[in-house]
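Student: Provided below for reference: sequence and predicted model.
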Amino acid sequence: MNPSPYPGHSDRVLWQHLKDGSELALGTLIRQYFNPLLNYGLKFVRDEAFVKDCVQEVFIEIWNRRERVTVPESVRAYLLSSVRKRVLREAYRQQILRDEQPADLENDGNFVEFSPEWTLIENESLAQTKERIEHALAKIPKRQREVIYLRYYQNLERDEIAQIMNVNPQSVSNLLQTAYTSMREYWPMILLLKGDWGLLTF
């Protein structure tokens, strides 16, 4: 694999190079974020070709508007927010999602997902723990699962999540706390995981 043309550069520096017309900077950001953006988009619409098109369109729009867009405080949050909005907008426009299927699909289990290291768990007791947490996550509303996904899978801060979900930061805190409380109701043993797993440290 070819090394990045901007080794060690931050996302915001790459964005500034993109604004200055660097196709290499655009390519670097695409390589870095395409798969995470695709995975996030698939949480809303389980159509890989459709979501790929949405992600590509986000980057095309950024490139076409590069002289007018400002450098975001968090490039990751900006891209996730942009993909979220485009996927939902295009899904409704193309009637992939219909009016009777609001974006807040309460029974959709798509956000039950863990960071890659969780998939490496081989110890039976830990695997059972993971399964129980997945089960507990599946019981809570989608917006609560989404905020957990963004916080613990994407490692985003509260303000970044607020930007993506188009809510205020306090709402993010409330959603996290509510999600924690809800999951504890479905499986009290989650209380014991806070220190060891770092999954539910609110």
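Tutor: Great, that's in hand. In this text the structure is predicted, and so the values were computed from the model without any measurement.
Student: what comes up buried for whichever strand or helix holds residue 24?
Tutor: Residue 24 belongs to helix 23-41 when elements are defined using DSSP states H and E. For helix 23-41, burial by neighbour count (16 or more other CB atoms under 10 Å) applies to 25-30, 32-33, 36-38, 40-41. For every residue, glycine as well, the C-beta is placed using N, CA and C.
Student: Same question for stretch 62-75.
Tutor: In stretch 62-75, counting by 16+ other CB under 10 Å, buried: 62, 66, 72, 74, 75.
Student: Domains in this protein, by residue range?
Tutor: 11-93, 116-197 (automatic domain parsing).
Student: pLDDT (mean, whole number) over the first one?
Tutor: Averaging pLDDT along domain 11-93 gives 92.
Student: what about it, start to end distance?
Tutor: 32 Å (CA to CA, to the nearest Å).
Student: And stretch 40-53, by the same measure?
Tutor: Using CA to CA, the end-to-end distance of stretch 40-53 comes to 13 Å.
Student: What of stretch 61-68?
Tutor: 11 Å.
Student: what residues does it touch?
Tutor: 18, 19, 21, 26, 69, 82 (CB atoms under 8 Å, 6 or more residues apart in numbering).
Student: The nearest residue to the fourth one once chain neighbours are set aside: how many residues sit nearby?
Tutor: Okay, so that is residue 26. Leaving aside its sequence neighbours, residue 26 sits nearest to residue 18 (CB to CB, 6 or more residues apart in numbering; 5.1 Å). A count of nearby residues for residue 18, using other CB atoms under 10 Å, gives 23.
Student: and residue 18, what does it touch?
Tutor: Residue 18 neighbours (CB under 8 Å, 6+ apart): 25, 26, 29, 62, 63, 66.
Student: In terms of helices and strands, where is it?
Tutor: Short version, using DSSP H and E: residue 18 is in helix 11-19.
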